[in-house]
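Trainee: pasting the structure only:
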């Protein structure tokens, strides 16, 4: 019960962040851009997954990207709580607004339940990964992950490797797409692929555990 109370205490920070910071405006702007791209040919499934992934990265940057946010963890750890509870609460701060944005985008472009599920899975997995990266690298890491997901996240790794001269950067990107949370994986969730579902669950759990360990080190 104490764990759940600590998670809930972190969750209570969501409403003021959405209304009193630029987070809410940023998420709405992102949704508007994705809906506009849908009108220019972007398919609804990609819209859903990009909405989930990109909005969760924006949320992670807000939840743990600044020095002040990370310093606040040290203060929180002086109370009866744990790094895992704080990380879980911050992950919820990231994923719940992302889920709302994803659902709104799917409704606007044409409701399709499998697309919505794929988008929510992308939000959960990418959000936990983004939280861990942001705890290490700050907002700069969030920006790099955002650009990577926006540009290459939906590309299958073999398409990069099959290039005549892939180069070290492209090989590294292909490896990240193969092993990490990437939208080309989660596209198969819409078709009911169990491997893709397990991949999303595994990255969600791993990201939260890593984030919990990183937060605990600030004690």
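Mentor: Ah, there it is. A quick note: this is a predicted structure, and the numbers were derived from the prediction, not measured.
Trainee: from residue 41, how far off is the residue nearest the centre of the chain?
Mentor: The residue lying closest to the centre of the chain (CA atoms, centre = their mean) is residue 127, at 2.3 Å. According to CB to CB, to the nearest Å, residue 127 and residue 41 sit 27 Å apart. Quick note: C-beta positions are derived from backbone N, CA and C, even for glycine.
Trainee: do residue 14 as well
Mentor: Residue 14 sits 34 Å away from residue 41, going by CB to CB.
Trainee: go on, residue 61?
Mentor: Distance from residue 61 to residue 41, by CB to CB: 29 Å.
Trainee: quick one, which of those two is more surrounded?
Mentor: Legend: neighbour count by other CB atoms under 10 Å for residue 61 and residue 41, higher for residue 61 (26 against 6).
Trainee: quick one: residues contacting that one.
Mentor: 130, 134, 139, 142, 143 (CB atoms under 8 Å, 6 or more residues apart in numbering).
Trainee: repeat the analysis, applying 10 Å as the threshold.
Mentor: 23, 26, 69, 94, 130-131, 133-134, 138-143, 145-146 (CB atoms under 10 Å, 6 or more residues apart in numbering).
Trainee: do the same with residue 217
Mentor: Each residue near residue 217 by CB under 10 Å, 6+ apart is listed here: 73, 74, 77, 83, 135.
Trainee: which among those count as buried?
Mentor: Among the contacts of residue 217, those classed as buried by 16 or more other CB atoms under 10 Å are 73, 77, 83, 135.
Trainee: number of nearby residues for residue 4?
Mentor: Using other CB under 10 Å, residue 4 is surrounded by 11 other residues.
Trainee: which element is it on?
Mentor: helix 2-11 (DSSP states H and E).
Trainee: distance from the chain centre to the next helix or strand after that helix, please.
Mentor: Downstream of helix 2-11, the next assigned helix or strand under DSSP H and E is helix 14-20. Taking the mean of its C-alpha atoms, helix 14-20 sits 18 Å from the chain's own mean (CA atoms, centre = their mean, to the nearest Å).
Trainee: next helix or strand past helix 14-20?
Mentor: Counting by DSSP H and E, the element after helix 14-20 in chain order, helix or strand, is helix 23-39.
Trainee: buried residues in that following helix?
Mentor: By 16+ other CB under 10 Å, the buried positions in helix 23-39 come out as 23, 27, 30, 31, 34, 35, 38.
Trainee: tell me what that helix is packed against?
Mentor: When contacts are defined as 3 or more CB pairs under 10 Å, 6 or more residues apart in numbering; DSSP states H and E, helix 23-39 packs onto helix 14-20, helix 44-64, helix 83-109.
Trainee: to residue 8, which of those helices lies closest?
Mentor: helix 83-109 (7.3 Å; CB to CB).
Trainee: so where is the protein shaky, pLDDT-wise?
Mentor: 1, 152-180, 219 (pLDDT under 70).
Trainee: mind running it again at 80?
Mentor: Where the chain drops to pLDDT under 80, the residues are 1-2, 6, 8-16, 19-20, 65-80, 152-180, 182, 184, 218-219.
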